[in-house]
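>>> Could you work out the structure for the sequence below:
(chains A, B, C, D and E)
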Amino acid sequence: MEIILCPLVIALLKALLGNKINKWIMSVLSIATLGLVIKVYFEKVAALNSGIWQTLFDKPWFSDSIRFTLGFDGVTYLLLLLTSILTPIVISSVSDNRHKFIIPLILVMQSALNGVFMAKDGLMFYILWELALIPIYFITLLYSHKDAYITTIRFFIFTFLGSLAMLASLIYLYLKTGSTSFSYEALINVQLSLKEAILVGGGFLLAFAVKIPLVPFHIWQADTYTNAPAQGSMMLSGVMLKMALYGLIRWYMPLCGESISYFQPAIMVMAVFGVVYGAIIALKQNDMKRLIAYSSLSHVGLITAGLFSLTLSGFEGGMLQMFTHGINVVGLFFVIEIIEYHYKSRDLSQLGGLAKHHKLFTILYFVVVLGSLAAPLTNGFPGELMLLKSIFDYNSLTGIVAGLTIILCAVYMLRMFQLSMLGESEIVMNKIDTVKLMPLFIISAIVVYIGLNPQSLIDVIHPSIQHIMEDIANSKGVLS
Amino acid sequence: MNTLSIILGLPLLGFIINGIFGSKIPKSLSGGIGTISVFLSFIFSIMALPMFIENPEYTIKLDLFTFLSFDTFNLRVAFTLDRLSLWMTLIVTGIGTLIHVYSISYMKEDEGFYKFFAYLNFFIFNMLLLILGSNFIMLFFGWEGVGLCSYLLIGFWYKNAEYGKAARKAFIMNRIGDLGLLLGIFMIIQQFGTLEFTTVFEEINKGTVSVNTLNAIGILLFIGAMGKSAQIPLFTWLPDAMAGPTPVSALIHAATMVTAGIYLVIRCSALYVLSPIANEVIIWTGLSTAIVAALIGLKQNDIKKVLAYSTVSQLGFMFVALGCGAYTTALFHVTTHAFFKALLFLGAGSVIHGMHHEQDIRKMGGLKSKMPITYYTFLIGTLAITGFPFLSGFFSKDEILTIAFNHNIVVYILLVGSALLTGIYMFRLLFVTFFGEYRNQHYAFDKVHESPRLMTLPLMILAVLSIFGGLLNLPHYLQHEGGILQNWLKPVIGLTHSGQHEISFNTEMILVSIAVLVFVTAFILTRMRYISRKQVPQEQTPTGVLGIISNKFYFDEIYDLIFVKPFETMSIWLQQVFELKIVSKISYGIHDILRFFGGLNKKIQNGNIEYYLMFMVIGVLILLGFNFFN
Amino acid sequence: MSLFQNLPLPFLILSFITILCALYVVTSKNPIHSVLALILTFFSISAHYILLNAQFLAIVNLMVYAGAIMVLFLFVLMLLNLDKSSEPVKSNLWGISAAICAGLLLVIITASFQKAGLAVMKSSAVDIGLVKNLGRVLMTEYLVPFELTGILFISAMVGAVLLAKRDNKSEEITS
Amino acid sequence: MLGIFQNIEISHYIYLSCVLFCIGLFGVLFRRNAIILLMCIELMLNSVNLLMAAFTEYMGDQNANGQMFVFFIMVVAAAEAAVGLAILVMVYRNTKKTDVSFLDGLKD
Amino acid sequence: MIGLSIIFFSAIIILFTGIQKPEKKSKNLTVFSLLVAALFSLFENLEVINTQTLFAWVPSSMLDFNNFRLSMVALVLFLSAIIIGLMPSSEKKGSDLLGLTLFALCGGIIMLGSNHLVMLFLGIEILSIPLYVLAGSDKKNLFANEAAIKYFLMGAFSTAIFLLGCAFIYGGTGTLIFGEMQLKVGFAAHFGEFPILIKLGVILMSVGMLFKISAVPFHFWSPDVYEGSPNRVTSFMAIIVKICGFVAFAQLMSNFEPMHSWYIKWLIPISGITILLGNIAGMVQKSVKRTLAYSSIAHAGYLILFLLIPYAENAQILFVYSLSYGLSTSVMFYLIDKYSTADNFDFTIFKGIFNSNKLDAMALILAVLSLAGIPATIGFTAKYVLFSKAFEYNQWAVVIGLVGSAISIVYYFKPFKYAFVNENLLTNRESSLFTNILLVLAMLSIVVFGLIPGIIL
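Got it, this is the predicted structure:
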């Protein structure tokens, strides 16, 4: 419970104190949540090895059947860790003249996201899922450039429509429980016929597909990322997308396991198509943010495909990649924010030659780029390896097509790095304050650490993933 | 302390020290650190040698920690030093040391001096990772790592956008190969459930796996090798990679990294022995590369480009050997090639240094007198590569030719042609650069100078090696119990069927004579043209067949046309048209449809109460009508 | 056929007059004529009430409707000085569609009665419509609504006054 | 007296009321003068009154619920007429018209 | 009952004592009496005070306030207090308008408590007749005139239709009392076929009630009348009329529950069309008031979904939904009234509100989120309880509702386009402390009932 409340309290503090408190203090304060997450982990570490979703907190909310239940296991822990690592970083990237409202909004969003990852009650999951949408909507709306209204409203409606479908599915399951309870255990025990499962599962998938986003549902994404302030893009791509991927593993698959085999081929095709599609579009983008947006499309497509291969390595690789993609993409947006702040442009055709201005910045930037293109010894590699392997196991053709990402990703990532940093420059630049690079340094450190020792994360999630896979297997078993 | 960890750790240490403190310490110190770390690594490898000589089966293992465990198996960070990897380690660290020494002087004036040494050390580390890794993933780590270092080093002078493009091209071409390798690895996982070399090869030797699967794995792995070792169709990056500083070209693009593909195939010899189709693919790819690259080399005017194409061509030779199953021979050629190609590159670097960064051979000439050491060492290198009898290249190339003859006469003839071309372009290079008259107006002949001692010393050492390198694996007719290398590798490469035993001494002698004849022909032809007639390569691009050759068979343009352009066009089209015009329009279209209905409602809601009443009555009618019909 | 066998002649005649007057109300071009026709209609409806044993209702109907409400209408017509000339005319098309709508409504209602058939009810003629009985019911059972009509009237009265009175200050008409 | 009415059935009154109601409704749709509209609505109310009275009679409702309802309808009709005419007068003062179709300033 | 009495007497007092005084002076008294009445109704509901003896003379068959009805009465009184308290009062006009509003409220309460068709009819009329007047109370404004005459004519017309329905029902069941009616219908249900009189009666009465809650196709009056009427009246109409009208409708229909499967067959399409039309037409509006009118039409569609649920089950959720709708809509109308000018009802009126008045901006955000049904506001609670219950009975109707909710975002969020623009806006007035307290109360209710809905569920 304190994991959810802590960011809210900090947000309130900021809202009350206003300008008296600057972003660095906020950033440091928000690390408190990270501390709490780790504390809970060490309290529960023994129990987590069973893989069962531990209950941390449980109180009636709407009524006895709709409870405020918080769960905790390896998967949850990993995502909470991601959220609480990223939030201070995102906060520290806020530029000085606009921190008044954006920081509380980010913190509120963090709180909601923490709730989503811990929610053990169907309706609670939905409510927090929606709640997380509100701060990001306002972040994008308040701090976007012109013409942003249409983009943000489109983003909002798309995701909202998807989540309403999920709500319908949840209610259907709720009515089917017999005990009319929204608890995870009750929902997971519901037995559906194939037709029901397809409809219910379709609702879930729609919500997740929009948010992930899978290819036909990605229309909102590029514009939103481009128009949103860097912090918005960071929160969106760094954590928000993970919500949907998490939802696939935790909610869709165990709850509607009967429908997986029905949707699997279509989702695989969409996801793998998205991998190539996003990568190809990213090849020639000149707007750095748009480029990252499309690359993100490509990366999450890979994760989705991995998850839908329904193999242990796909799941674990997917989880790992969620974490690393969160770190990397936030790193990249951080870099863009720095470049845009100092050079007043993020257009690749105008940038260039920034490398000579600040060596450390160049190195850190390059490390993050390497992480994104999954070079060995960086964090992108192990996840991508496991994902590609699982996709290849599912079908060698999809594996090969998805594998194109390692080529295309290298092409556009290096192009971006090169056009922005290398070459000769005529740009007048402001001096980059080295202190500002501290968060980027932390990101790079994580990139390398995970690159060297991904097993430490796998160990955390392994029991939980196995437990979830058992649930999925049970759920599918009903059919046969 | 495990020997292995020292061998591996020293270059890494050098990298870290140079990387972090490089900018703070003086250049000589950072150069020294870089060199010494590699040299010590070399020394430790040599120190390990006696144990290996005593016991053919001896291996050193280093098992660190689990990198990743998924599904049913663990991927461990583990290293193995056996005879094969020791051989490679010696080459890498040995040549590496020389090139480090050379670089201290060559890069003296560069502002990124410490960075350069950091990269070099990191490269050596990655190369060792590749060689010493005890499973495919470690190999892949090193594999990608050297690609990365190659990217960094090619694009070392980052302010030049062209160099950056070349670096990117190298990285991407390598990545294409990497994809093949990765897919091969996945297939191995599927088939064997493990990635440890030893286990995999044991499984293969049991013969349970179908030939088709092995062929498929073999070809996929070979695609990886194609990328790294610059074979057709993935070879175009290597000549472009010459954008990097010359020591880099010598180290990475001649002596070590490009041979990673050869190493991979040798390492997987157990697999390739059993996959005939993969072997055929390797032979023909290697052969065509050998010929095409040699042809292009004929018409190049950049001193480093000629050497680059020569490298590609020689790698083709090695692959032909591999395809024929002569793994020892290939490794032998790797070794000798490392000697003389490093020598040639460093010599070229010396020339460039002396000419103050002039690389066009048309602007050289007559350097013999000004740069004697460079000239003589370069001469030795040229003779070695063109197969002057009893120099290192003679033996190794001759072995390959013999094996090719044994395998397929057509392959042999084509390969001989390629060897002839090698002779021609190498002598052309030598003659045009060092003989004749000085032709550069912009840089006075007087200013041309011999390189400092630190640069010529490695040249001399390499020259010696190039001369005597052949001793490492003397052919059958000189050493009956088989060459040193052949015996050395026997425990590692189980099933070798080298061709030597199967042909008679006479045939062998004929083959040797042909090889010598080829050398002589090449020498005479070139000498006639460039020394006797004092011809100089023309400025303007030739037409016809020669035009095609001098334009590198338009490989770059064709790739541009069929891969790069379509992707770029598609990228722009997808974003500008598909995303914005079509997909986006659909979402707005829904909005528009809704707005259209909203507009319809505006017509109904027209403010006139009569209409309202009428619609209300119609509503009542519909409701009542519903009741009536229900 | 049964409709014509035992024709309740007085009823038919009365109905005929009622309908005729009603039709005149809606079709007459002159509002004054309409009002007068409406008063006639009310008279005939009162006659129906008598047929239905609702004697008190018949009187009240005459007093309230014909006497009070219709006079009010007339009064307003006079006040506004409306006559035939100021009467707006609608197009034929509109008239036809209105007629179709009204006709359809009639057809549907009567048809559904025809289809389902009505339960035959029989009059048990008692003096329920007399003022004595009605007064008792009104003062016992219907006491609350009877009192609540007070609210209705007071609000209607206040409202009517509020709207119809002239303001002292002559403000600009805004639109 | 009662004899001649014996043949009148409840359905007759229902049909009569419906006819009257529909005539009123037609008037509402057809006419544009607000006062006539109001009169047509009164006509509709009266048809309902007639029906109520008829039902009371034919069901023999001792409490005369239908007739009570008629009283209240009359009360309401009176109040409505008062308010409605007041509104009309107000509108007429401002626009000098009682034609409803001219009042279409409010629309989408 | 006690609430009704308090309101009636305070209305009389205000009317007669304040007829010459400006409205402003009576406003606080009005709000106070409304709050007191709400409190007393609540007490009555919780049986803190016993009113049995006080109102012993009232025949319970006519006007019967059970627990649910009392809570609805308290709610309606509370909402009226907020509406009237938030809206400014004119300096020029007399207090008679406030008195009329209270009279109309009496009608609403009667509708809520009615147990008899006559009572229901009287309630409707007592509610409507003052509203006809109030709609036109801005006498020199042509739009107000037009609104009044439209509302009046259509209202009277629908009353006539409603009455025809009443007559048919009377003929079909022989009674006007709800309880007896239910028995008769239940009796008829045993024979399978329902008498045609009852069916026609139900349809015609529904038309009358659907008109009051402005469901399609009887909604035509509402956009025009809402736009033309003075803001306070619009707010009152949109909230009180709709809530009272619907609750009365639901109670009426509960008598015909044996015919449930029959009448939902035509109510579901009406609900669906209402939701879609309300939301789609709302998208294209320029005026905020008109947009809210269409929003209220859409909400009528959602309300009709309650009829899918058996009456016994939906009492609580109907209360929550009404509270949610009332709170958010009243806050919206308050803001519209505060920032609009006589000739500008565009969304641009909210330009820069975030810069100049944080409280109002927060209120705007909360009201909009609540109307749109976003979690953590009472709007979500209400929509959730409605949809989850209705889902049991008809999935597709709920799906249409969900789609409608998504469409509604398009126009609900339009104020945000301007709210955060970086410029100061000049409002024509400052809100008094009292108003602000009420506003904060409303905002708190929106949030608290959204976050911890357990206390009202």
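>>> thinking A:L131 is in contact with E:P375, fair?
Yes: using Cβ atoms under 8 Å, A:L131 makes contact with E:P375 at a distance of 5.2 Å. Any C-beta I mention is one placed from the backbone N, CA and C, and that applies to glycine too.
>>> quick one: which of the two has more around it?
Neighbour count, other Cβ atoms under 10 Å in any protein chain shown: between A:L131 and E:P375, E:P375 has more, with 26 against 22.
>>> mind listing what the more buried one touches?
With contact taken as Cβ atoms under 8 Å, 6 or more residues apart in numbering or on different chains, E:P375 is in contact with A:126-128, A:130-131, E:450.
>>> Same list (those) but as a markdown table, adding secondary structure.
Compiled in a markdown table, the contacts of E:P375 are given as follows (DSSP: H, G, I helix; E, B strand; the rest coil):
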| residue | secondary structure |
| --- | --- |
| A:Y126 | helix |
| A:I127 | helix |
| A:L128 | helix |
| A:E130 | helix |
| A:L131 | helix |
| E:G450 | helix |
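>>> Would you mind checking which of those residues is nearest to chain C?
E:G450 (36.8 Å; Cβ to the nearest Cβ).
>>> Quick check: nearest residue in space to that closest one, chain neighbours excluded?
E:T377 (4.0 Å; Cβ to Cβ, 6 or more residues apart in numbering or on different chains).
>>> which one of the contacts of E:P375 has the most neighbours?
Highest neighbour count within these, by other Cβ under 10 Å: A:I127, with 28 neighbours.
>>> tell me the SS of the closest residue to that residue other than its chain neighbours?
Nearest residue to A:I127 in three dimensions, chain neighbours excluded: E:P375, at 4.1 Å (Cβ to Cβ, 6+ apart). Of the three states, E:P375 takes coil according to three-state DSSP.
>>> and chain A, which residues reach chain E?
Within chain A, the residues that sit near chain E (Cβ under 8 Å from any Cβ of the partner chain) are A:60-63, A:123, A:126-128, A:130-131, A:133-134, A:141-142, A:149, A:153, A:156-157, A:160-161, A:164-165, A:167-168, A:171-172, A:174-175.
>>> domain assignment for chain C?
Split into domains by automatic domain parsing, chain C comes to C:7-84, C:130-165.
>>> Between the ones you listed, which one is closest to B:L68.
domain C:130-165 (81.1 Å; Cβ to Cβ).
>>> quick one: what helix or strand has whatever residue of the stretch 51-200 of chain A ends up closest to chain D in it?
For the stretch 51-200 of chain A, the residue closest to chain D is A:I153, as judged by Cβ to the nearest Cβ, at 21.6 Å. Secondary structure from DSSP states H and E places A:I153 in helix A:148-176.
>>> Show me which parts of the helix or strand following that helix are buried, residue by residue.
As assigned by DSSP H and E, the chain's next helix or strand after helix A:148-176 is helix A:184-188. Within helix A:184-188, the residues that qualify as buried are A:184, A:186-188, counting by 16 or more other Cβ atoms under 10 Å in any protein chain shown.
>>> Can you tell me which of the residues you listed is nearest E:F220?
So of these, ranked by how close each gets to E:F220 (Cβ to Cβ), first place is A:L187, at 44.5 Å.
>>> is it true that that closest one touches A:T177?
Yes: between A:L187 and A:T177 there is a contact at 6.4 Å, judged by Cβ under 8 Å.
>>> Closest to the centroid, which residue in chain B?
Nearest residue to the geometric centre of chain B (Cα atoms, centre = their mean): B:V258, 2.9 Å.
>>> wait, what's in contact with it?
B:V258 neighbours (Cβ under 8 Å, 6+ apart): B:228-230, B:238, B:252, B:311, B:315.
>>> out of these, which one sits closest to C:M78?
B:K228 (107.6 Å).
>>> any idea how far whichever residue of the stretch 151-300 of chain B sits closest to chain C is from A:S372?
Residue nearest to chain C within the stretch 151-300 of chain B (Cβ to the nearest Cβ): B:A161, separated by 68.4 Å. For B:A161, the distance to A:S372 equals 22 Å [Cβ to Cβ, to the nearest Å].
>>> gap between A:A197 and A:C256?
For A:A197, the distance to A:C256 - Cβ to Cβ - is 5 Å.
>>> More neighbours: the two, which one.
More neighbours surround A:C256 than the other of A:A197 and A:C256, with 29 against 25 (other Cβ under 10 Å).
>>> surely that one meets A:L194?
No: between A:C256 and A:L194 there is no contact under Cβ under 8 Å: 10.3 Å.
>>> any shared contact partners between those two?
Counting by Cβ under 8 Å, 6+ apart, nothing touches both A:C256 and A:L194.
>>> circling back to that earlier point, could you tell me how many residues sit around the residue of the stretch 51-200 of chain A closest to chain D?
Neighbour tally, A:I153, other Cβ under 10 Å: 24.
>>> I figured it hits E:I409, correct?
Yes: at 7.1 Å, A:I153 counts as touching E:I409 under the criterion of Cβ under 8 Å.
>>> Give me the most central residue, chain D.
Taking Cα atoms, centre = their mean, chain D has its central residue at D:L45, 2.2 Å away.
>>> Find the nearest non-adjacent residue to it, please.
D:A77 (5.2 Å).
>>> What count of nearby residues applies to the one you found?
Neighbours of D:A77 using other Cβ under 10 Å come to 25.
>>> Just the element for it, please.
helix D:65-95.
>>> Remind me what that helix packs against, helices and strands.
If contacts are counted by 3 or more Cβ pairs under 8 Å, 6 or more residues apart in numbering or on different chains; DSSP states H and E, helix D:65-95 sits against helix C:55-60, helix C:70-80, helix C:131-139, helix C:143-164, helix D:34-59, helix E:117-135, helix E:142-173.
>>> Any chance of a markdown table for those, columns distance to B:R267?
As requested, these are exported to a markdown table (distance: least, Cβ to Cβ, whole Å):
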| stretch | distance to B:R267 |
| --- | --- |
| helix C:55-60 | 112 |
| helix C:70-80 | 108 |
| helix C:131-139 | 109 |
| helix C:143-164 | 99 |
| helix D:34-59 | 99 |
| helix E:117-135 | 91 |
| helix E:142-173 | 89 |
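>>> tell me which residues of stretch D:13-28 are tucked away?
D:13-28.
>>> C:M157 contacts D:A82, doesn't it?
Yes: counting by Cβ under 8 Å, C:M157 touches D:A82, with 7.3 Å between them.
>>> who has more neighbours, the two?
D:A82 (22 against 14).
>>> Now do the same contact list for the more buried one.
Counting by Cβ under 8 Å, 6+ apart, D:A82 has contacts C:72, C:156-157, C:160.
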